[in-house]
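Trainee: take a look and give me a structure for this.
(one chain, ligands or ions: 3)
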Amino acid sequence: MAETASKKRPTIPSIKQGKGSGRRVTMITVYDYPFARLVDQSEAEMILVGDSLGMVIQGGEHTNPVTLDEIIYHAKAVRRGAPNTLVVGDMPFMSYQLSPEQALASAGRQIKEAGVDCVKMEGGEYLAPYVHKLVQAGIPVVGHIGLTPQSASALGGFKVQGKTEQEAEQLVKDAIALDQAGVFAMVLECIPAGVAKVITEKVNAVTMGVGAGPHTDGQNLNAYDILGLFDSFVPKFVEQYQKLAPLVLDGFNSFARQVKDGSYPQAAHSFTGGETIKGLYPTE
Ligand SMILES: Nc1nc(=O)c2c([nH]1)NC[C@@H]1CN(c3ccc(C(=O)N[C@@H](CCC(=O)O)C(=O)O)cc3)CN21
Ligand SMILES: CC(C)C(=O)C(=O)O
Ligand SMILES: [Mg+2]
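Mentor: Ligands and ions are numbered 1, 2, ... in the order given. A predicted model of the protein is given here:
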(Lines give C-alpha, C1' and ligand atoms only; values in the text may rest on other atoms or scores of the structure.)
(Ligands and ions follow the chains in the order given, each with its own letter.)
Protein backbone atom coordinates (compact mmCIF):
# COMPACT_ATOMS: atom_id res chain seq x y z
CA MET A 1 0.00 0.00 0.00
CA ALA A 2 1.25 3.51 -0.81
CA GLU A 3 2.58 5.31 2.25
CA THR A 4 2.83 9.07 2.61
CA ALA A 5 6.48 9.71 1.97
CA SER A 6 6.51 13.23 3.41
CA LYS A 7 5.94 12.14 7.00
CA LYS A 8 8.13 10.08 9.28
CA ARG A 9 6.99 8.59 12.57
CA PRO A 10 8.09 10.95 15.36
CA THR A 11 10.26 9.46 18.07
CA ILE A 12 9.83 9.96 21.82
CA PRO A 13 13.02 12.10 21.92
CA SER A 14 11.81 14.21 18.99
CA ILE A 15 8.49 14.87 20.74
CA LYS A 16 10.31 15.78 23.97
CA GLN A 17 12.68 18.11 22.11
CA GLY A 18 9.69 20.25 21.07
CA LYS A 19 9.20 21.26 24.71
CA GLY A 20 9.99 24.94 25.22
CA SER A 21 10.61 25.56 21.51
CA GLY A 22 7.11 26.90 20.98
CA ARG A 23 6.31 24.02 18.62
CA ARG A 24 2.93 22.58 19.54
CA VAL A 25 2.13 18.88 19.34
CA THR A 26 -1.20 17.58 17.99
CA MET A 27 -2.75 14.30 19.10
CA ILE A 28 -6.00 13.04 17.56
CA THR A 29 -8.04 10.23 19.10
CA VAL A 30 -9.14 7.57 16.57
CA TYR A 31 -10.04 3.90 16.79
CA ASP A 32 -9.93 2.40 13.30
CA TYR A 33 -7.94 1.93 10.08
CA PRO A 34 -9.66 4.47 7.77
CA PHE A 35 -9.37 7.34 10.27
CA ALA A 36 -5.83 6.30 11.21
CA ARG A 37 -4.84 6.54 7.53
CA LEU A 38 -6.23 10.06 7.34
CA VAL A 39 -4.45 11.19 10.51
CA ASP A 40 -1.27 9.65 9.08
CA GLN A 41 -1.65 11.90 6.01
CA SER A 42 -2.28 14.95 8.21
CA GLU A 43 0.12 17.19 10.11
CA ALA A 44 -0.77 15.64 13.48
CA GLU A 45 2.14 13.86 15.18
CA MET A 46 0.28 11.54 17.56
CA ILE A 47 -2.76 9.27 17.74
CA LEU A 48 -4.47 8.17 20.94
CA VAL A 49 -6.39 4.90 20.83
CA GLY A 50 -8.54 5.99 23.76
CA ASP A 51 -10.72 3.97 26.11
CA SER A 52 -13.28 6.65 25.18
CA LEU A 53 -14.15 4.05 22.54
CA GLY A 54 -16.50 2.69 25.21
CA MET A 55 -18.55 5.85 24.75
CA VAL A 56 -17.87 6.86 21.14
CA ILE A 57 -17.79 3.43 19.45
CA GLN A 58 -19.79 1.28 21.87
CA GLY A 59 -22.34 3.92 22.89
CA GLY A 60 -21.81 3.41 26.63
CA GLU A 61 -22.02 6.06 29.34
CA HIS A 62 -18.55 5.42 30.78
CA THR A 63 -15.12 4.19 29.78
CA ASN A 64 -14.83 1.63 32.59
CA PRO A 65 -16.28 -1.45 30.81
CA VAL A 66 -13.61 -1.28 28.07
CA THR A 67 -11.22 -4.24 28.15
CA LEU A 68 -7.54 -4.56 27.30
CA ASP A 69 -8.47 -6.95 24.47
CA GLU A 70 -10.75 -4.29 22.97
CA ILE A 71 -8.04 -1.63 23.10
CA ILE A 72 -5.60 -4.07 21.44
CA TYR A 73 -8.16 -4.91 18.73
CA HIS A 74 -8.56 -1.22 17.85
CA ALA A 75 -4.87 -0.38 18.26
CA LYS A 76 -3.91 -3.10 15.75
CA ALA A 77 -6.15 -1.52 13.11
CA VAL A 78 -4.85 1.98 13.93
CA ARG A 79 -1.22 0.84 13.78
CA ARG A 80 -1.76 -0.62 10.28
CA GLY A 81 -3.30 2.65 9.11
CA ALA A 82 -0.76 4.99 10.68
CA PRO A 83 2.80 3.73 10.26
CA ASN A 84 4.13 7.30 10.34
CA THR A 85 2.34 8.55 13.46
CA LEU A 86 3.24 7.97 17.12
CA VAL A 87 0.51 5.72 18.53
CA VAL A 88 -0.46 5.88 22.21
CA GLY A 89 -2.45 2.93 23.59
CA ASP A 90 -4.79 3.87 26.45
CA MET A 91 -4.67 1.52 29.44
CA PRO A 92 -8.28 0.64 30.31
CA PHE A 93 -9.80 0.46 33.79
CA MET A 94 -8.43 -2.45 35.86
CA SER A 95 -5.67 -3.31 33.37
CA TYR A 96 -3.07 -1.55 35.58
CA GLN A 97 -4.52 -0.44 38.94
CA LEU A 98 -3.77 -3.75 40.72
CA SER A 99 0.03 -3.39 40.73
CA PRO A 100 3.05 -2.12 38.79
CA GLU A 101 3.49 -5.74 37.63
CA GLN A 102 -0.04 -5.83 36.22
CA ALA A 103 0.62 -2.49 34.51
CA LEU A 104 3.81 -3.84 32.95
CA ALA A 105 2.08 -7.00 31.71
CA SER A 106 -0.79 -5.01 30.17
CA ALA A 107 1.49 -2.45 28.55
CA GLY A 108 3.65 -5.30 27.28
CA ARG A 109 0.64 -6.86 25.55
CA GLN A 110 -0.18 -3.57 23.84
CA ILE A 111 3.40 -3.28 22.59
CA LYS A 112 3.74 -6.90 21.46
CA GLU A 113 0.25 -7.51 20.04
CA ALA A 114 -0.73 -4.10 18.67
CA GLY A 115 2.63 -2.44 18.11
CA VAL A 116 1.78 0.78 19.95
CA ASP A 117 4.70 3.12 20.63
CA CYS A 118 3.74 3.90 24.23
CA VAL A 119 0.86 3.67 26.69
CA LYS A 120 -1.19 6.11 28.78
CA MET A 121 -2.45 5.62 32.33
CA GLU A 122 -4.79 7.78 34.45
CA GLY A 123 -3.65 8.85 37.92
CA GLY A 124 -1.51 11.14 40.04
CA GLU A 125 1.14 10.69 42.73
CA TYR A 126 0.10 7.12 43.58
CA LEU A 127 0.85 6.04 40.02
CA ALA A 128 4.52 7.12 40.09
CA PRO A 129 5.92 3.65 40.96
CA TYR A 130 3.78 2.12 38.17
CA VAL A 131 5.20 4.62 35.67
CA HIS A 132 8.72 3.92 36.91
CA LYS A 133 8.25 0.17 36.43
CA LEU A 134 7.25 0.58 32.77
CA VAL A 135 9.92 3.17 32.01
CA GLN A 136 12.59 0.84 33.45
CA ALA A 137 11.34 -1.87 31.10
CA GLY A 138 11.78 0.54 28.19
CA ILE A 139 8.12 1.37 27.68
CA PRO A 140 7.44 5.09 27.20
CA VAL A 141 4.52 6.35 29.30
CA VAL A 142 2.04 9.22 28.96
CA GLY A 143 0.42 10.37 32.22
CA HIS A 144 -3.16 11.63 32.54
CA ILE A 145 -4.43 13.87 35.35
CA GLY A 146 -7.31 16.28 35.98
CA LEU A 147 -10.60 14.80 34.79
CA THR A 148 -9.74 11.12 34.75
CA PRO A 149 -12.85 9.44 33.29
CA GLN A 150 -12.08 6.05 34.89
CA SER A 151 -12.76 7.70 38.27
CA ALA A 152 -15.77 9.73 37.08
CA SER A 153 -17.92 8.08 39.73
CA ALA A 154 -15.66 9.28 42.54
CA LEU A 155 -15.27 12.71 40.91
CA GLY A 156 -19.06 13.15 40.66
CA GLY A 157 -19.17 12.98 36.85
CA PHE A 158 -17.28 14.51 33.94
CA LYS A 159 -16.45 17.72 35.81
CA VAL A 160 -13.69 20.30 35.58
CA GLN A 161 -10.97 19.53 38.16
CA GLY A 162 -8.54 21.75 40.06
CA LYS A 163 -10.81 24.72 40.64
CA THR A 164 -10.02 25.14 44.36
CA GLU A 165 -6.57 26.11 45.63
CA GLN A 166 -6.22 22.75 47.38
CA GLU A 167 -7.20 20.77 44.26
CA ALA A 168 -4.91 22.85 42.06
CA GLU A 169 -1.98 22.29 44.42
CA GLN A 170 -2.62 18.55 44.40
CA LEU A 171 -2.64 18.57 40.58
CA VAL A 172 0.74 20.30 40.53
CA LYS A 173 2.09 17.70 42.99
CA ASP A 174 0.66 14.88 40.84
CA ALA A 175 2.24 16.33 37.69
CA ILE A 176 5.66 16.67 39.35
CA ALA A 177 5.51 13.11 40.74
CA LEU A 178 4.67 11.69 37.29
CA ASP A 179 7.38 13.82 35.71
CA GLN A 180 9.98 12.54 38.16
CA ALA A 181 8.81 8.96 37.57
CA GLY A 182 9.67 9.47 33.90
CA VAL A 183 6.56 10.13 31.80
CA PHE A 184 7.57 11.77 28.49
CA ALA A 185 4.17 13.44 28.13
CA MET A 186 1.05 13.94 30.20
CA VAL A 187 -2.57 14.64 29.34
CA LEU A 188 -4.13 17.48 31.35
CA GLU A 189 -7.90 17.02 31.01
CA CYS A 190 -10.53 19.60 31.96
CA ILE A 191 -8.53 21.84 34.28
CA PRO A 192 -8.37 25.65 34.43
CA ALA A 193 -5.99 27.21 31.90
CA GLY A 194 -3.95 28.89 34.65
CA VAL A 195 -3.32 25.61 36.45
CA ALA A 196 -2.28 23.94 33.16
CA LYS A 197 0.12 26.85 32.55
CA VAL A 198 1.82 26.38 35.93
CA ILE A 199 2.14 22.61 35.40
CA THR A 200 3.50 23.09 31.85
CA GLU A 201 6.19 25.40 33.23
CA LYS A 202 7.12 23.07 36.09
CA VAL A 203 7.50 19.73 34.29
CA ASN A 204 9.94 18.37 31.70
CA ALA A 205 7.20 16.24 30.15
CA VAL A 206 5.24 17.52 27.15
CA THR A 207 1.80 18.58 28.41
CA MET A 208 -1.13 17.65 26.16
CA GLY A 209 -4.28 19.60 26.96
CA VAL A 210 -7.88 18.45 26.58
CA GLY A 211 -9.96 21.36 27.81
CA ALA A 212 -6.90 22.77 29.61
CA GLY A 213 -6.52 26.10 27.81
CA PRO A 214 -3.92 27.52 25.42
CA HIS A 215 -0.70 27.21 27.47
CA THR A 216 -0.01 23.47 27.18
CA ASP A 217 2.71 22.06 24.89
CA GLY A 218 0.12 20.29 22.76
CA GLN A 219 -3.59 19.57 22.34
CA ASN A 220 -5.69 16.42 22.03
CA LEU A 221 -9.20 16.16 20.64
CA ASN A 222 -11.35 13.27 19.48
CA ALA A 223 -11.74 12.78 15.70
CA TYR A 224 -15.49 12.19 16.07
CA ASP A 225 -15.84 15.46 18.00
CA ILE A 226 -13.83 17.66 15.62
CA LEU A 227 -15.63 16.22 12.59
CA GLY A 228 -19.10 16.70 14.10
CA LEU A 229 -19.85 12.97 14.12
CA PHE A 230 -20.56 12.61 17.85
CA ASP A 231 -23.32 14.51 19.57
CA SER A 232 -24.29 12.45 22.65
CA PHE A 233 -22.50 15.30 24.43
CA VAL A 234 -20.33 18.12 23.13
CA PRO A 235 -17.91 19.33 25.82
CA LYS A 236 -17.20 23.07 25.97
CA PHE A 237 -13.59 22.55 24.83
CA VAL A 238 -14.59 20.87 21.54
CA GLU A 239 -14.25 22.78 18.26
CA GLN A 240 -16.23 21.17 15.44
CA TYR A 241 -13.96 21.89 12.45
CA GLN A 242 -16.37 19.98 10.22
CA LYS A 243 -20.02 19.09 10.54
CA LEU A 244 -20.03 15.75 8.76
CA ALA A 245 -23.16 14.18 10.31
CA PRO A 246 -25.63 15.76 7.81
CA LEU A 247 -23.33 14.81 4.90
CA VAL A 248 -23.15 11.21 6.08
CA LEU A 249 -26.93 11.12 6.46
CA ASP A 250 -27.29 12.51 2.92
CA GLY A 251 -25.05 9.73 1.59
CA PHE A 252 -27.09 7.04 3.37
CA ASN A 253 -30.35 8.50 2.05
CA SER A 254 -29.08 8.85 -1.52
CA PHE A 255 -28.27 5.14 -1.50
CA ALA A 256 -31.55 4.11 0.15
CA ARG A 257 -33.64 6.20 -2.29
CA GLN A 258 -31.84 4.76 -5.33
CA VAL A 259 -32.34 1.24 -4.02
CA LYS A 260 -36.05 1.95 -3.56
CA ASP A 261 -36.58 3.58 -6.98
CA GLY A 262 -34.37 1.04 -8.77
CA SER A 263 -31.79 3.54 -10.05
CA TYR A 264 -29.05 1.67 -8.16
CA PRO A 265 -27.35 -0.49 -9.29
CA GLN A 266 -26.63 0.53 -12.88
CA ALA A 267 -25.03 -1.71 -15.49
CA ALA A 268 -21.65 -0.28 -14.47
CA HIS A 269 -22.07 -1.75 -10.99
CA SER A 270 -23.06 -5.19 -12.26
CA PHE A 271 -21.12 -8.27 -13.36
CA THR A 272 -21.84 -10.00 -16.66
CA GLY A 273 -21.23 -13.52 -17.86
CA GLY A 274 -24.01 -15.66 -16.45
CA GLU A 275 -26.12 -15.11 -19.56
CA THR A 276 -24.02 -17.62 -21.53
CA ILE A 277 -24.14 -20.47 -19.02
CA LYS A 278 -26.25 -23.24 -20.55
CA GLY A 279 -28.91 -24.68 -18.28
CA LEU A 280 -29.16 -21.61 -16.05
CA TYR A 281 -32.19 -20.36 -17.93
CA PRO A 282 -35.34 -22.37 -18.56
CA THR A 283 -35.65 -22.97 -22.33
CA GLU A 284 -38.73 -21.47 -23.91
N1 LIG B 1 -16.29 11.94 22.29
C2 LIG B 1 -15.60 12.08 23.42
N3 LIG B 1 -14.85 13.19 23.59
C4 LIG B 1 -14.14 13.39 24.73
O5 LIG B 1 -13.46 14.43 24.84
C6 LIG B 1 -14.19 12.40 25.75
C7 LIG B 1 -14.98 11.25 25.52
N8 LIG B 1 -15.68 11.13 24.37
N9 LIG B 1 -15.03 10.25 26.43
C10 LIG B 1 -14.08 10.24 27.52
C11 LIG B 1 -13.87 11.59 28.03
C12 LIG B 1 -15.10 12.17 28.69
N13 LIG B 1 -14.92 13.57 28.44
C14 LIG B 1 -15.79 14.57 28.81
C15 LIG B 1 -17.15 14.35 28.82
C16 LIG B 1 -18.03 15.34 29.16
C17 LIG B 1 -17.55 16.59 29.51
C18 LIG B 1 -18.51 17.67 29.89
O19 LIG B 1 -19.67 17.61 29.56
N20 LIG B 1 -18.04 18.70 30.57
C21 LIG B 1 -18.81 19.88 30.90
C22 LIG B 1 -18.16 20.59 32.07
C23 LIG B 1 -18.82 20.29 33.36
C24 LIG B 1 -18.32 21.24 34.43
O25 LIG B 1 -18.69 22.42 34.35
O26 LIG B 1 -17.56 20.84 35.31
C27 LIG B 1 -18.78 20.86 29.71
O28 LIG B 1 -19.69 21.68 29.63
O29 LIG B 1 -17.84 20.81 28.90
C30 LIG B 1 -16.18 16.83 29.54
C31 LIG B 1 -15.30 15.81 29.16
C32 LIG B 1 -13.74 13.80 27.65
N33 LIG B 1 -13.54 12.55 26.97
C1 LIG C 1 -9.88 12.07 26.70
C2 LIG C 1 -8.64 11.35 26.23
C3 LIG C 1 -7.40 11.97 26.78
C4 LIG C 1 -8.72 9.89 26.58
O5 LIG C 1 -8.16 9.39 27.52
C6 LIG C 1 -9.57 9.04 25.72
O7 LIG C 1 -10.02 9.47 24.64
O8 LIG C 1 -9.80 7.89 26.13
MG1 LIG D 1 -8.96 7.52 28.08
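Trainee: what about H62, is that helix, strand or coil?
Mentor: Here H62 is coil, with the state taken from DSSP: H, G, I helix; E, B strand; the rest coil.
Trainee: for the residue of the chain found nearest ligand 2, which residues are in contact?
Mentor: Here the residue of the chain nearest ligand 2 is G50; by Cβ to the nearest ligand atom that distance is 2.4 Å. (Each C-beta comes from the backbone N, C-alpha and C, glycine too.) G50 makes contacts with T29, Y31, T63, D90, N222, as judged by Cβ atoms under 8 Å, 6 or more residues apart in numbering.
Trainee: now, which of those residues lie within helices?
Mentor: Among these, no residue falls in helices (DSSP state H).
Trainee: how close does the residue of the chain closest to ligand 2 sit to Y264?
Mentor: Distance from G50 to Y264, counting by Cβ to Cβ, to the nearest Å: 37 Å.
Trainee: now the helices for this protein?
Mentor: 12-17, 33-41, 53-56, 68-81, 100-109, 128-136, 152-155, 165-181, 193-202, 223-226, 245-261.
Trainee: and stretch 10-25, what's buried?
Mentor: P10, I15, K16, G18, K19, V25 (16 or more other Cβ atoms under 10 Å).
Trainee: gap between the two ends of it?
Mentor: 11 Å (Cα to Cα, to the nearest Å).
Trainee: and for stretch 42-59?
Mentor: End to end - Cα to Cα - stretch 42-59 spans 27 Å.
Trainee: kindly report the same for stretch 176-186.
Mentor: End residues of stretch 176-186 are separated by 11 Å (Cα to Cα).
Trainee: quick one: mean pLDDT for that stretch?
Mentor: The average pLDDT within stretch 176-186 is 98.
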